[in-house]
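Enquirer: compute the structure for the input listed below.
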Amino acid sequence: AASVVPALPGLAAAALGADRVVVSDSGDDIIKLLKSNVKKNKKATGKCAVDAADHYWGKDTSSLGGPFDWILVAEFCYIDEAMGPLVDSLEGLCHEGTKCLMSYGRNRRSEGVFMGHAKRAFEVREVPQSEWHSEYV
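Expert: Numbering: from 1, shown residues only. You can find the predicted model right below:
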């Protein structure tokens, strides 16, 4: 069975030199897990300020402290009705130069719905399969 580490993209960004990272999800249990992972990885993330935040897609984003230069989203594309609110949240967290990297791996059920919303709000570039790592082809 595969292991899942909530906050992994954000923790990796912190370890690679980001100044500030906010990892988010929604729900008490997952937020406790995010906070625990942030604490356990403090040595790896060094001086980077890493915060765990409870955010439900589509709700006010001001408490997250954006806009951000980079937004990393993983394993998100599995509920059609959540894709519009996700894009609403992204719009609230971005500035003109923000880059969003979205990875939906095995959860692709709502890919078409997400792309429809995303293309109305953002310039979208899909990574061609020729650029994928061989494990994902």
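Enquirer: what helix or strand does Val124 sit in?
Expert: Using DSSP states H and E, Val124 is not contained in any helix or strand.
Enquirer: check what pLDDT it gets.
Expert: With respect to pLDDT, Val124 scores 95.
Enquirer: excluding its backbone neighbours, what's nearest it?
Expert: In space, and not counting its chain neighbours, Val124 is closest to Ala118: 5.3 Å by C-beta to C-beta, 6 or more residues apart in numbering. Every residue, glycine included, has its C-beta placed from N, CA and C.
Enquirer: and the one you found, what helix or strand is that in?
Expert: helix 111-121.
Enquirer: still on that earlier bit, pLDDT at the residue nearest to Val124, what is it?
Expert: 96.
Enquirer: partner strands of the strand ranked longest in the chain and their direction?
Expert: The longest strand of the chain (DSSP state E) is strand 94-103. The strands beside strand 94-103 in its sheet (DSSP bridges) come out as strand 68-74 (parallel).
Enquirer: quick one: distance of the partner strand to the chain centre.
Expert: 5 Å (C-alpha atoms, centre = their mean, to the nearest Å).
Enquirer: likewise stretch 114-129?
Expert: Stretch 114-129 has its C-alpha centroid displaced from the chain centroid by 15 Å (C-alpha atoms, centre = their mean).
Enquirer: rewinding a little: how distant is the longest strand of the chain from the center of its chain?
Expert: 10 Å.
Enquirer: in the protein, which spans are helices?
Expert: Applying DSSP state H to the chain gives helices spanning 8-15, 28-40, 42-45, 80-93, 111-121.
Enquirer: export the helix holding Ala118 to PDB, keeping only CA atoms.
Expert: Output of helix 111-121 as PDB, limited to C-alpha atoms (Å, rounded to 0.1, in the frame of the first residue of the first chain):
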ATOM      1  CA  GLU A 111     -10.200  16.400 -14.500                       C
ATOM      2  CA  GLY A 112     -12.500  17.600 -17.300                       C
ATOM      3  CA  VAL A 113     -14.700  19.600 -14.800                       C
ATOM      4  CA  PHE A 114     -11.600  21.200 -13.200                       C
ATOM      5  CA  MET A 115     -10.000  22.100 -16.600                       C
ATOM      6  CA  GLY A 116     -13.200  23.700 -17.700                       C
ATOM      7  CA  HIS A 117     -13.300  26.000 -14.600                       C
ATOM      8  CA  ALA A 118      -9.500  26.600 -14.700                       C
ATOM      9  CA  LYS A 119      -9.400  27.600 -18.400                       C
ATOM     10  CA  ARG A 120     -12.100  30.200 -17.800                       C
ATOM     11  CA  ALA A 121     -10.000  31.800 -15.000                       C
END
